[in-house]
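> sequence and predicted model, in that order:
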Amino acid sequence: MSLADDASAFGEVTGCASLQEVLQFFRTRCDDRSERAAAAAYGMVLVAKSAERGPYREDALAALNQLAKAKAELDIAALHLPPVIDITTGIMLAAQRYADEMTIPCTEWPSVDEIAAVVEREARTFVKASQRPS
């Protein structure tokens, strides 16, 4: 996976190459709130970046479906605890809103790359916010 910018904001979880590895990371290594936040955000980015590309609306919808499934799996692995549920919900909502706003029925729709860019931007925003002192 290649992130548009520096991946260091996500921390150690960037060593994971698949959603299954991120889920295992949750089960074995997420000890603090900021680490859980980073893992949740990175998991969503990883899924968006690995979604199959194609020119059709169905491709964009398939990417959103994959994100929805990843959201559920990440929430479950994190025992439905904050900040994971807040992050996965926020990222999913941003991606869905973007897809809706960019769709003109039968003529235009967002690409998977555009959806992935929204997911990455939102993920970085959530990670940055979770690293601020409370």
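Okay, I see it.

> centre of the chain to stretch 73-93, how far?
Here stretch 73-93 is found 10 Å from its chain centre; the criterion is CA atoms, centre = their mean, to the nearest Å.

> contacting residues for E52?
59, 62-63, 112 (CB atoms under 8 Å, 6 or more residues apart in numbering). Every residue, glycine included, has its C-beta placed from N, CA and C.

> show me what the lengthiest helix in the chain is packed against.
Counting residues, the longest helix in the chain under DSSP state H turns out to be helix 57-77. Identification of packing neighbours for helix 57-77 by 3 or more CB pairs under 8 Å, 6 or more residues apart in numbering; DSSP states H and E yields helix 19-29, helix 33-50, helix 84-101, helix 112-130.

> among these, which is the most enclosed?
helix 33-50 (a mean of 25; mean count of other CB atoms under 10 Å).

> ok and that one relative to helix 84-101, angle-wise?
Relative orientation of helix 33-50 versus helix 84-101 (axes from the mean of the first three to the mean of the last three CA atoms, to 10 degrees): 30 degrees.

> kindly export helix 33-50 (C-alpha atoms) in PDB.
Below are the C-alpha coordinates for helix 33-50, written out as PDB (Å, rounded to 0.1, in the frame of the first residue of the first chain):
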ATOM      1  CA  ARG A  33      -6.500   5.100  22.900                       C
ATOM      2  CA  SER A  34      -4.200   6.800  20.300                       C
ATOM      3  CA  GLU A  35      -2.900   3.400  19.100                       C
ATOM      4  CA  ARG A  36      -6.500   2.100  18.600                       C
ATOM      5  CA  ALA A  37      -7.400   5.300  16.800                       C
ATOM      6  CA  ALA A  38      -4.400   5.000  14.400                       C
ATOM      7  CA  ALA A  39      -5.100   1.300  13.800                       C
ATOM      8  CA  ALA A  40      -8.800   2.000  13.000                       C
ATOM      9  CA  ALA A  41      -8.000   4.800  10.600                       C
ATOM     10  CA  TYR A  42      -5.200   2.900   8.900                       C
ATOM     11  CA  GLY A  43      -7.500  -0.200   8.500                       C
ATOM     12  CA  MET A  44     -10.100   2.000   6.700                       C
ATOM     13  CA  VAL A  45      -7.400   3.500   4.500                       C
ATOM     14  CA  LEU A  46      -5.900   0.100   3.700                       C
ATOM     15  CA  VAL A  47      -9.200  -1.200   2.500                       C
ATOM     16  CA  ALA A  48     -10.000   1.900   0.400                       C
ATOM     17  CA  LYS A  49      -6.500   1.800  -1.200                       C
ATOM     18  CA  SER A  50      -6.800  -1.900  -2.000                       C
END
